[in-house]
Structure formats: structure tokens, C-alpha cells
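Novice: give me coordinates for this.
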Amino acid sequence: MGRESDDETTRLVIKRLVFIACWYVTSGVTLFGNKHILNQLRTNPSTLATFQMISTALLGCAKIYLPRICPSEPDKLPVTASNASSDEERLPSIPTPTF
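Specialist: Predicted coordinates:
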């Protein structure tokens, strides 16, 4: 039983290291890509920033809402107030600000 736990821990560490390495690579590509776009193509920095913010917002929405629309595993839907089976599983409600 201890061996399975060690194997699982090793797999998780390797998985995290791969994701961190991918993040560094994509960050470097983005950094040098932006430098090229601004210097060689003479693009307006505001245009570049606007495009990056719009694409970030769209990808963020896809990350949040797409798994709920077409989940790959229906049993692993996020627990919400509508599909929770008990009070412990219900998400806390966000208080409404009063002005």
C-alpha cells in the first residue's frame, strides 16, 4: 500500500513539473513574440494589449463555462446549489453588498 502512494506522489510531482516547464516555455514565447510584434512590426502597444486582454477573457470564459456545457465525464460536474445532494455539498452563497 505504501508503494502505491509513493508512485502516485511521484506521478503528481512529475505532472506538476511538466506543467511548470510548459508555463515557462509559453511565457518565454509570449515575451519574445511581443517584443517582435512591437519592434519589428511597429504595432501600437495599445492594440497588442487590447488583443491580449480580449483573448484572455475569451479563453477564461471557455475554461469556466465549456466544461459545464459539454462535460467529458457527467459524474464529475461541479457541485452547485442545484445539483448538491446535501447541505454540506452546497456552495456558500455570496452576500449581496449593501449601499
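Novice: tell me which strands and helices the helix or strand bottoming out on mean pLDDT in the chain is in contact with?
Specialist: Taking mean pLDDT, DSSP states H and E as the measure, the chain has helix 45-69 as its least confident helix or strand, at a mean of 89. If you count contacts as 3 or more CB pairs under 8 Å, 6 or more residues apart in numbering; DSSP states H and E, helix 45-69 packs onto helix 2-39. In this view, the C-beta of every residue, glycine as well, is placed from N, C-alpha and C.
Novice: which helices and strands does the helix it packs on pack with?
Specialist: If you count contacts as 3+ CB pairs under 8 Å, 6+ apart, helix 2-39 packs onto helix 45-69.
Novice: and the angle for the helix it packs on with helix 2-39?
Specialist: 150 degrees (axes from the mean of the first three to the mean of the last three CA atoms, to 10 degrees).
Novice: separation between residue 30 and residue 47?
Specialist: 16 Å (CB to CB, to the nearest Å).
Novice: also residue 36?
Specialist: 15 Å.
Novice: what's the answer for residue 54, then?
Specialist: Applying CB to CB to residue 54 and residue 47 gives a distance of 11 Å.
Novice: any residues in contact with both of these two?
Specialist: Taking CB atoms under 8 Å, 6 or more residues apart in numbering as the criterion, residue 54 and residue 47 do not both touch any residue.
Novice: and the least confident helix or strand of the chain, what's buried?
Specialist: Neighbour-count burial for helix 45-69, counted by 16 or more other CB atoms under 10 Å, picks out no residue.
Novice: the chain should start at 302 in everything you say after this.
Specialist: All right, first residue 302 from here; so that's helix 346-370.
Novice: now do stretch 324-336: everything it contacts.
Specialist: Contacts of stretch 324-336 (CB under 8 Å, 6+ apart): residue 349.
Novice: quick check: mean pLDDT across that stretch?
Specialist: Averaging pLDDT along stretch 324-336 gives 95.
Novice: using PDB, write out every CA atom in it.
Specialist: This file holds the C-alpha atoms of stretch 324-336, laid out as PDB (Å, rounded to 0.1, in the frame of the first residue of the first chain):
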ATOM      1  CA  TRP A 324       4.300  27.600 -18.400                       C
ATOM      2  CA  TYR A 325       7.900  28.900 -18.600                       C
ATOM      3  CA  VAL A 326       8.200  27.900 -22.200                       C
ATOM      4  CA  THR A 327       4.900  29.600 -23.200                       C
ATOM      5  CA  SER A 328       5.800  32.600 -21.100                       C
ATOM      6  CA  GLY A 329       9.100  33.000 -22.900                       C
ATOM      7  CA  VAL A 330       7.400  32.500 -26.300                       C
ATOM      8  CA  THR A 331       4.900  35.200 -25.400                       C
ATOM      9  CA  LEU A 332       7.600  37.600 -24.200                       C
ATOM     10  CA  PHE A 333       9.800  37.300 -27.300                       C
ATOM     11  CA  GLY A 334       6.700  37.300 -29.500                       C
ATOM     12  CA  ASN A 335       5.500  40.600 -28.000                       C
ATOM     13  CA  LYS A 336       9.000  42.000 -28.400                       C
END
